[in-house]
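[1] next one to model:
(one chain, ligands or ions: 1)
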Amino acid sequence: MNLSPALSQLIDALRCLPGVGPKSAQRIAYHLLQRDQAGAARLANSLVNALEKIHHCQKCNSFAEEPLCAICRSLKRDGHVLCVVESPADVLSIEQAGVYNGLYFVLMGRLSPLEGIGPDEIHLDRLRERVVDGVVEEVVLATNFTAEGEATAHYIGEMLTAIGLKVTRIARGLPSGGELEHVDSSTLAQAVIGRREL
Ligand SMILES: [Zn+2]
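    Here you go, the predicted model:
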């Protein structure tokens, strides 16, 4: 098919979105050009603006427009507890859960030897510097419960207990409202293994 170069470039660019294959990219491109040019312009401007303004927080490595993000700047947070997560989206999820008042460190990834992602790529040197500020007492590992997330938690756990820090791992749980018979067996197994005293 003979598409205009600008159109095929747009379709190609849209494929960087997660879960968007060639067909969806084509559909989105036509939608934007035919039906929502104002929306398309807003999207383009927001992307340029975000790329220009959003950097990494110097303290927690999450996204921020200032040198420090709002959480790191806040005087209401408890600096004794530091929660390690894989991505800024995880910070948002934990914040929305409303049960945590400590600070964060965002790895921006997880260890993945197959993809060539080692300790340097997930900023473990910065994490190590961050935790020896004399304030942090406990590090909560909240990486994902995937094989890579578990391996990352294990690696960081060993690294930080070696320098004398208290390290904890968030518990795996059953979904709230979940019934045992509908839960997959590995989640149920972890719930039994991770049981706590009442
Ligand atoms: Zn921060």
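[2] in the chain, which helix is the longest?
    Counting by DSSP state H, the longest helix found in the chain is helix 37-53.
[3] and that helix, what does it pack onto?
    If you count contacts as 3 or more Cβ pairs under 8 Å, 6 or more residues apart in numbering; DSSP states H and E, helix 37-53 packs onto helix 22-35. Every C-beta, even on glycine, is put in place using the N, C-alpha and C of the backbone.
[4] just how off-centre is the helix it packs on within its chain?
    Chain-centre distance of helix 22-35: 29 Å, with Cα atoms, centre = their mean, to the nearest Å.
[5] can you point out the buried residues in it?
    Across helix 22-35, burial judged by 16 or more other Cβ atoms under 10 Å covers 25-26, 28-29, 32.
[6] now residue 163. Nearest residue, chain neighbours left out?
    residue 132 (7.0 Å; Cβ to Cβ, 6 or more residues apart in numbering).
[7] tell me how far the one you found lies from the ion.
    To the ion, residue 132 is 17 Å away according to Cβ to the ion, to the nearest Å.
[8] how close does that residue get to residue 152?
    Per Cβ to Cβ, to the nearest Å, residue 132 is found 20 Å from residue 152.
[9] out of those two, which sits in the busier spot?
    When residue 132 and residue 152 are compared on other Cβ atoms under 10 Å, the one with more neighbours turns out to be residue 152, at 25 against 12.
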